[in-house]
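Novice: No sequence on hand, only this structure:
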């Protein structure tokens with residue numbers, strides 16, 4: 001403390017003065033008693049003493065004493081007074097410097113002109129300079145632009161105005177400084193002032209500097225973590241919302257599925273029970289009951305197919321074929337199928353070719369038929385009076401084919417349009433009760449159109465009608481043949497077209513049916529026997545393989561195998577591979593309830609020649625069997641088929657496969 005050091009210095013000065021006075025007294029006494037008498041013995045001094053007065057002698061003696069005292073006192077004063085002060089000052093300076101060097105923060109002193117006077121080691125560590133590179137230089141060298149060029153101006157204005165509202169002095173601020181390697185560093189700066197009223201030029205400023213690098217890095221990490229946490233929270237909230245939506249969708253799906261399944265099942269079970277237990281039911285009532293059962297079964301099959309298609313599209317496993325197709329032929333076939341439905345409703349259907357269209361495009365004909373069947377079928381369903389107009393055109397620049405299905409039906413509001421493509425959703429819940437349907441058709445159709453390089457859009461006016469525009473990709477049109485078709489028109493007075501039943505016979509055709517389901521055995525056997533075929537049954541793949549081998553040994557052979565895929569002991573895939581490995585080349589048609597993507601390929605890879613999905617369609621099954629009867633090769637002597645059957649089989653796999 002300053003007053004302690006002053007008290008200590010005064011005490012030391014007092015002791016030094018007493019000691020000096022004692023020494024001087026004794027030295028003076030020695031001089032008077034011993035040294036002066038000895039000097040006076042010299043003859044020339046005695047002559048001088050005799051010739052001068054006593055007063056003069058005293059003066060001379062005083063001068064000699066003063067000179068001697070000066071020569072003696074000055075070293076004593078330096079030794080006892082000045083030297084201790086110098087040692088104390090040096091010790092205090094070393095002590096202060098040690099304190100500065102030990103300080104964790106950087107400490108810098110500058111003068112009123114901004115020139116650096118002193119720094120501690122922390123300053124050197126923060127900025128990367130050596131001490132001599134800083135001392136005597138302007139402190140602005142440590143600041144980036146624009147502060148560097150403005151620093152001295154700040155300092156001059158402050159010294160001139162003595163403002164207590166200085167931008168720096170007395171404040172604790174965070175600023176950026178610049179290191180020796182020109183990199184920026186964040187620092188915390190606190191500036192103090194040593195004010196000297198007597199000498200403004202000796203004004204000093206002290207700066208306490210704390211390196212904020214670690215704090216800023218930690219702050220940045222915290223901010224990044226906070227952002228990541230917020231991002232995760234956002235994703236969690238979105239996931240929660242999606243989960244809630246998925247839960248609601250699942251519940252809605254289950255409710256719709258329950259309704260859609262129970263409605264046809266009610267008809268199937270009710271009419272079948274009536275046919276079984278009401279013995280007095282007349283023939284017409286029985287036929288009506290059977291027709292209701294068949295219609296309900298068709299509805300269930302449509303529902304299952306729609307759900308499977310929706311699942312395939314949404315999981316991304318539905319494959320779109322790239323096959324040449326005639327778009328005009330496709331749309332005219334669809335309208336021919338739907339013509340009877342339109343005529344029953346008293347509606348007209350017309351097709352107009354707006355401009356030239358390519359004779360063939362490259363896309364998926366099956367999915368195009370599915371889309372057109374859904375959209376045109378909906379137009380007929382929701383139109384009570386008027387007509388259905390289908391316009392077809394081609395947009396050459398975008399290589400897109402366009403179908404506009406225009407109806408004069410009930411129309412849609414803008415809010416209804418928002419939900420029209422949502423699965424299991426119709427524009428109004430009452431529509432399900434009035435018009436029927438699952439609400440899956442348009443959702444599937446739009447997804448299919450997008451997979452086919454296009455889309456489906458709607459333009460509708462309530463109570464006036466709607467226009468559904470279907471866009472699909474055409475493929476490269478550089479070498480396309482262009483045609484302009486004439487309009488076609490079907491009216492309400494056109495005669496109904498009745499499909500002819502298949503009169504082809506399977507007479508003399510021997511078929512091995514490998515099927516473990518008793519009901520399916522009875523159904524398929526009855527269908528084929530009525531068509532003239534002879535049926536042999538095997539309840540699993542192992543028995544089927546043995547029956548083929550036994551027939552071959554007996555010099556006989558089956559003309560065709562209907563192979564169920566999922567059977568006990570040995571499934572259809574294994575049985576087919578076993579027969580092919582044994583060089584049995586007879587045609588094999590796979591019968592399976594599996595209709596997901598890849599199931600057909602698995603059957604072909606196992607060696608099957610054709611593929612039919614359950615439930616069985618009577619007409620399609622007979623047609624496929626007749627097809628293979630016509631492809632029947634000559635029997636070989638071994639009871640199998642000759643290798644030429646492989647060529648027919650390979651051809652039929654690629655060109656004659658029919659999905660039900």
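Specialist: Noted; the coordinates are in hand. For clarity, every value in this text was computed on a predicted model and none was experimentally measured.
Novice: which intervals of the stretch 501-650 of the chain have sub-threshold pLDDT?
Specialist: Scanning the stretch 501-650 of the chain with the threshold set as pLDDT under 70 gives 501-504, 595-597, 632-650.
Novice: For it, just list every one of the helices.
Specialist: Secondary structure of the stretch 501-650 of the chain, counting by DSSP state H, counting those that start in this stretch: helices at 518-530, 541-553, 572-581, 599-606, 618-630, 644-655.
Novice: buried residues in the fifth one?
Specialist: Buried residues in helix 618-630, defined by neighbour count with 16 or more other Cβ atoms under 10 Å: 621-622, 624-629. (Glycine included, C-beta is placed from N, CA and C.)
Novice: Which strands or helices does the longest strand along the chain pack on?
Specialist: Secondary structure of the chain per DSSP state E: the longest strand is strand 184-194. Packed against strand 184-194 by the contact rule (3 or more Cβ pairs under 8 Å, 6 or more residues apart in numbering; DSSP states H and E) you find helix 121-127, strand 172-178, strand 204-211, helix 213-277.
Novice: ok, residues contacting that strand?
Specialist: 126-127, 144, 168-179, 203-213, 215-216 (Cβ atoms under 8 Å, 6 or more residues apart in numbering).
Novice: can you do 7 Å?
Specialist: Strand 184-194 has contacts (Cβ atoms under 7 Å, 6 or more residues apart in numbering) with 126, 144, 168-169, 172-179, 204-213, 216.
Novice: One more: stretch 472-487?
Specialist: 328, 350-353, 356-359, 361-363, 368, 394, 396, 399-401, 449, 452-454.
Novice: what is the mean pLDDT for that stretch?
Specialist: For stretch 472-487, the mean per-residue pLDDT is 85.
Novice: What segments of the stretch 51-200 of the chain are strands?
Specialist: 106-111, 116-119, 172-178, 184-194 (DSSP state E, counting those that start in this stretch).
Novice: Using a markdown table, please lay out these together with mean pLDDT.
Specialist: Output for the strands of the stretch 51-200 of the chain, formatted as a markdown table (pLDDT from 0 to 100):
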| stretch | mean pLDDT |
| --- | --- |
| strand 106-111 | 85 |
| strand 116-119 | 86 |
| strand 172-178 | 84 |
| strand 184-194 | 84 |
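Novice: Among these, which comes closest to residue 570?
Specialist: strand 184-194 (77.0 Å; Cβ to Cβ).
Novice: Okay, angle between that closest one and helix 213-277 too, please.
Specialist: 140 degrees (axes from the mean of the first three to the mean of the last three Cα atoms, to 10 degrees).
Novice: What residues sit buried inside strand 184-194?
Specialist: 185-187, 189-191, 193.
Novice: can you check stretch 530-537 too?
Specialist: 531, 533, 535-536.
Novice: that older thread, to residue 323, which of the helices and strands packed on strand 184-194 lies closest?
Specialist: helix 213-277 (32.2 Å).
Novice: of all the buried residues of stretch 530-537, which comes closest to residue 579?
Specialist: Taking the buried residues of stretch 530-537 together and measuring to residue 579 by Cβ to Cβ, the closest member is residue 536, at 14.8 Å.
Novice: All the strands of the stretch 301-450 of the chain, in order from the start?
Specialist: 323-325, 348-353, 357-358, 361-363, 387-395, 400-407.
Novice: Which secondary structure elements does the last one sit against?
Specialist: Packing contacts for strand 400-407, counted by 3 or more Cβ pairs under 7 Å, 6 or more residues apart in numbering; DSSP states H and E, involve helix 365-381, strand 387-395, strand 465-473.
Novice: which among the contacts of strand 184-194 end up buried?
Specialist: 126, 168-169, 177-178, 205, 207-212.
Novice: rewinding a little: just tell me which of the strands of the stretch 301-450 of the chain ends up closest to residue 545.
Specialist: That would be strand 323-325 among these, by Cβ to Cβ, at 35.6 Å.
Novice: Now do the closest one: everything it contacts.
Specialist: With Cβ under 7 Å, 6+ apart, strand 323-325 has contacts from 360-365, 368.
Novice: try 10 Å
Specialist: 359-366, 368-369, 475 (Cβ atoms under 10 Å, 6 or more residues apart in numbering).
Novice: Can you turn the buried part of the residues you listed into a ChimeraX selection?
Specialist: To isolate the buried members of the contacts of strand 323-325 in ChimeraX, using 16+ other Cβ under 10 Å:
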select :360,361,362,363,364,365,368,369,475
